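Novice: quick one, structure for this:
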Amino acid sequence: MSRIRTITSTTGSTATAAVTALFLLTGCGAADMTKQSSPFAGAEGARTVTLSVQSWVGAQANVAVAQYLLEQELGYRVDTVQVDEVPAWDALSQGRVDAILEDWGHPEQEQRYVDDKGTIVRGGKLGVTGHIGWFVPTYFAEQHPDATAYKNLNKYADRLRTAESGGKGQLLDGSPSYVTNDKALVKNLDLDYQVVFAGSEAAQITQIKQFAKERKPFLTYWYSPQWLFEKVPMTEVKLPAYEEGCDADAAKVACAYPHTPLEKYLNADFARHGGEAARFLKNFRWTTDDQNEVSLMIAGEKLSAQEAAEKWADRHESTWRSWLP
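Specialist: Numbering: from 1, shown residues only. Alright, predicted model coming up:
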């Protein structure tokens, strides 16, 4: 998944809308958090919180709801920093941000910062299980059921060829910064495909929606939870079954992606001294349906992040009340 080379301080609807606009317009990018930081991160005793925001809309939904409730219910000022996945761990360790609300699994960073250095602590499970996979549109899978098995993909490579993929079939990915084994999978499974990066979630969605509008076949890296499944039904391609450790060597990966319970992480000092905000973020836990509801309002209905969060909060008070310290 991925990020933007921008920092925004957000208080109230105007700034939140600006964050949303940046997400929708620029999608994925990069940020060097060794050179950037929020002025509010690590401000011990101050009622301020800095949250890391990843560029995919599900992560934005988490932050939107957390920000809304921290501000409206607990009286905090919330600052958001948009940063790439791995640099976000560096930023969290250094106290440049206080929390990451959705991590898809970075064992090297976890070992380094949680287990070895102790500068980051686990914040508990988000309540959402993430899964990455390869997908074809359901209309294509219904016409060609065998296309949902990886062993048969070469049969359809010609039909999935694009100008970007040259003489091979196209496997559409989002950003190179996302968690992806696709280049190794294509090579190790002997598939006649070329991985083509759209560059961002937003760009990938645009391409998928265009393919679907024209009823063209496509093969894409995609993930759940994700609101787009409601608009473009897709069927997962069966890769060799995932087994513990089958993806340990990035160059030799030849198995499916795991199902990953998504987790939250907090800066260790913030976890100790962050008061009600730290307790709230540890308590924050919702469902895939909750996240998709907010994501669809932001990306599908074009509501601002704050508007979507407020609508969700109005409908689900019995859920978020339990998060308050």
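Novice: centroid-nearest residue for the protein?
Specialist: Nearest residue to the geometric centre of the chain (Cα atoms, centre = their mean): residue 56, 4.5 Å.
Novice: surely it and residue 201 touch.
Specialist: Yes - with contacts counted by Cβ atoms under 8 Å, residue 56 reaches residue 201, the gap being 4.8 Å. Heads up, the C-betas are built off the backbone N, CA and C, glycines and all.
Novice: in this protein, which strand has the most residues?
Specialist: For the chain, the strand that runs over the most residues, judged by DSSP state E, is strand 120-137.
Novice: other SSEs contacting that one?
Specialist: When contacts are defined as 3 or more Cβ pairs under 8 Å, 6 or more residues apart in numbering; DSSP states H and E, strand 120-137 sits against helix 85-93, strand 99-103, strand 219-224, strand 234-236, strand 259-267, helix 268-273, helix 275-283, helix 288-295.
Novice: one step back: the residue nearest to the centre of the chain and residue 209, how far apart?
Specialist: Per Cβ to Cβ, to the nearest Å, residue 56 is found 16 Å from residue 209.
Novice: buried set for the host helix or strand of residue 58?
Specialist: Per DSSP states H and E: residue 58 is located in helix 57-74. For helix 57-74, the buried set under the neighbour-count rule, 16 or more other Cβ atoms under 10 Å, comprises 57-71, 74.
Novice: and what of stretch 260-273?
Specialist: 260, 262, 263, 264, 265, 266, 267, 268, 270, 271.
Novice: what's the most distant pair in these?
Specialist: 260 and 270 (24.0 Å; Cβ to Cβ).
Novice: re earlier: the buried residues of stretch 260-273 into JSON lines, with extra columns for distance to residue 308?
Specialist: Formatted as JSON lines, these follow (distance: Cβ to Cβ, whole Å):
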{"residue": "260", "distance to residue 308": "25"}
{"residue": "262", "distance to residue 308": "19"}
{"residue": "263", "distance to residue 308": "23"}
{"residue": "264", "distance to residue 308": "20"}
{"residue": "265", "distance to residue 308": "24"}
{"residue": "266", "distance to residue 308": "24"}
{"residue": "267", "distance to residue 308": "27"}
{"residue": "268", "distance to residue 308": "31"}
{"residue": "270", "distance to residue 308": "26"}
{"residue": "271", "distance to residue 308": "28"}
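Novice: quick check, nearest of those residues to residue 147?
Specialist: Closest to residue 147, out of all of these and judged by Cβ to Cβ, is residue 260, at 25.7 Å.
Novice: quick check: the closest one touching residue 130?
Specialist: Yes - in this structure, residue 260 is within contact of residue 130 by Cβ under 8 Å, at 4.8 Å.
Novice: just give the nearest non-adjacent residue to residue 230, would you?
Specialist: Sequence neighbours aside, residue 296 is the residue nearest to residue 230 in space, at 6.4 Å (criterion: Cβ to Cβ, 6 or more residues apart in numbering).
Novice: from residue 225, how far out is the one you found?
Specialist: 10 Å.
Novice: who touches both of these two?
Specialist: Between them, residue 296 and residue 225 share no contacting residue under Cβ atoms under 8 Å, 6 or more residues apart in numbering.
Novice: that older thread, ramachandran coordinates for the residue nearest to the centre of the chain?
Specialist: Main-chain dihedrals, residue 56, degrees, to the nearest 10: phi -70, psi 150.
Novice: try residue 314
Specialist: Note on residue 314: backbone dihedrals following degrees, to the nearest 10 are phi -60, psi -30.
Novice: neighbours of it, how many?
Specialist: 8 (other Cβ atoms under 10 Å).
Novice: repeat for residue 189
Specialist: If you count neighbours by other Cβ under 10 Å, residue 189 ends up with 17.
Novice: now do the one 10 residues further on
Specialist: Residue crowding around residue 199 was assessed by other Cβ under 10 Å; the count is 18.
Novice: quick check: closest non-adjacent residue to residue 68.
Specialist: The nearest residue in space to residue 68 (Cβ to Cβ, 6+ apart) is residue 309, at 3.7 Å.
Novice: quick check: mean pLDDT across the next helix or strand after the longest strand of the chain?
Specialist: Where DSSP H and E defines the elements, the next helix or strand beyond strand 120-137 is helix 138-143. When pLDDT is averaged along helix 138-143, the result is 98.
Novice: and the contacts of the next helix or strand after helix 138-143?
Specialist: As assigned by DSSP H and E, the chain's next helix or strand after helix 138-143 is strand 169-173. Applying Cβ under 8 Å, 6+ apart, the external contacts of strand 169-173 come out as 134, 153-154, 156-162, 164-165, 180, 182, 186, 191-198, 204, 207-208, 218-221.
Novice: again, but for stretch 187-194
Specialist: By Cβ under 8 Å, 6+ apart, the residues outside stretch 187-194 that reach it are 150, 153-154, 157, 160, 164-166, 168-171, 185-186, 219, 239-240, 252-254.
Novice: may I see the PyMOL selection of the buried members of these?
Specialist: A single PyMOL command is used to select the members of these judged buried by 16+ other Cβ under 10 Å:
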select buried, resi 150+153+157+160+165+168+169+170+171+185+186+219+239+253+254
